[in-house]
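Predicted model and sequence below, questions to follow.
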Amino acid sequence: MKIATFNANSVRTRLEIIVNWLKTEQPDVLCLQETKVQDKDFPEDSFRELGYQVVFRGQKAYNGVAVVSRHPLSDIRTALPGKEDDQARFISATIMGIHVINAYVPQGVAPGTDKFQYKLQWLEDLHSYLQTYYSPDRRIVLTGDFNVALEDMDVHDPAGLRGQAGFHPDEQAMLKKLMGWGFSDVFRLHHKEGGSYTFWDYRIPNGFKRNMGWRIDYIFATRPLIEKSIDCRIDTRPRTAEKPSDHTFLVAEFGI
DNA sequence: ATGGTGGCACCGCCA
């Protein structure tokens, strides 16, 4: 079972990259964030032609999430309960007995702003949701763009970035609290050294070449899946394509 | 250097 995540930064602009990646990698599940497309304009056929089904929830210009799957999806939820009118940042489905939650955590802008508070609240709401509706005894994958680097080894300049949105102790504590519910970081399970990133800011000149990145995309899994975890890797190919993305694909393989 | 680029929708916002 191969499960992947990718912040697309527009699914329509990045469609060719995504389609080629699906053809090459043949994952069972791909979670997309920042699709930036309303549901009526989602390029559903491009996925169907490859033998994939797709569920999505978008909005105009911003946010938007999708789950692409080779297998039937059930138990589909496009928002947290009671948050149906909120920004399109959550979608979940059960696939082959695994409950897959795809999250696009708010970026947060800067500490002290309303958006930063919204980010912390969003993470807390997700934690509460899991506590109320799920048990860590189940096979659950929580994946997506969390916009939080957890440790010093997860950013290129920990001293310089500390305290900024994406590398702030309050966010790190909140995400760790959420992980404490019952998740392990699958990439970190297989790679103990730092310097591996999933995101490079467009605004830093040659940031990718100089490896000035952040590891803010994750695949988290509960214990029953961690026991079956075979590998997890970062695929930087979208960075070298014609329309490079600011994020990479992250893919995990489970022996089930 | 308090900048920079990129996507979408509009004449700025968000990342």
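Here it is on my side, so go on.

Would you map the strands across the stretch 151-256 of chain A?
With strands called from DSSP state E, counting those that start in this stretch, the stretch 151-256 of chain A shows them at A:184-185, A:217-221, A:229-235, A:249-254.

next one: the last one to chain centre, how far?
Read that as strand A:249-254. Per C-alpha atoms, centre = their mean, to the nearest Å, the displacement of strand A:249-254 from the mean C-alpha position of its chain is 11 Å.

Check the offset of stretch A:205-216 from the chain's centre.
Mean-position distance between stretch A:205-216 and its chain equals 18 Å (C-alpha atoms, centre = their mean).

Do I have it right that residue A:129 meets residue A:81?
Yes - using C-beta atoms under 8 Å, residue A:129 is in contact with residue A:81, at 7.1 Å. For every residue, glycine as well, the C-beta is placed using N, CA and C.

Just send the strands of the stretch 151-256 of chain A back as JSON lines, with mean neighbour count and mean pLDDT too.
Formatted as JSON lines, these follow (neighbours: other C-beta atoms under 10 Å; pLDDT from 0 to 100):
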{"stretch": "strand A:184-185", "mean neighbour count": "18", "mean pLDDT": "98"}
{"stretch": "strand A:217-221", "mean neighbour count": "26", "mean pLDDT": "98"}
{"stretch": "strand A:229-235", "mean neighbour count": "17", "mean pLDDT": "98"}
{"stretch": "strand A:249-254", "mean neighbour count": "24", "mean pLDDT": "98"}
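
Residue A:211: which of those is closest?
Minimum separation from residue A:211 across the strands of the stretch 151-256 of chain A (C-beta to C-beta) falls at strand A:229-235, 11.9 Å.

buried stuff in stretch A:82-93?
A:87-93 (16 or more other C-beta atoms under 10 Å).

could I get these as a markdown table with secondary structure and pLDDT?
Shown next, in a markdown table, are those (DSSP: H, G, I helix; E, B strand; the rest coil; pLDDT from 0 to 100):
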| residue | secondary structure | pLDDT |
| --- | --- | --- |
| A:87 | coil | 97 |
| A:88 | coil | 98 |
| A:89 | coil | 98 |
| A:90 | strand | 98 |
| A:91 | strand | 98 |
| A:92 | strand | 98 |
| A:93 | strand | 98 |
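
In CSV, list the residues you listed along with distance to DNA strand B.
Shown next, in CSV, are the buried residues of stretch A:82-93 (distance: C-beta to the nearest atom of the strand, whole Å):
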residue, distance to DNA strand B
A:87, 8
A:88, 11
A:89, 9
A:90, 14
A:91, 17
A:92, 20
A:93, 23
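
Let me know the closest of the residues you listed to residue A:141.
Checking those one by one against residue A:141 (C-beta to C-beta), the nearest turns out to be residue A:92, at 9.6 Å.

Residue A:254 is in contact with residue A:229, correct?
Yes - using C-beta under 8 Å, residue A:229 is in contact with residue A:254, at 5.8 Å.

Overlap in contacts, these two.
Counting by C-beta atoms under 8 Å, 6 or more residues apart in numbering, the residues touching both residue A:229 and residue A:254 are residue A:221.

who's in contact with the lengthiest helix in chain A?
Secondary structure of chain A read by DSSP state H shows that its longest helix is helix A:114-133. Outside helix A:114-133, the residues within contact range by C-beta under 8 Å, 6+ apart are A:80-81, A:83, A:89-90, A:103, A:105-110, A:147, A:165, A:168, A:170-171, A:174-175, A:177-178, A:181-182.
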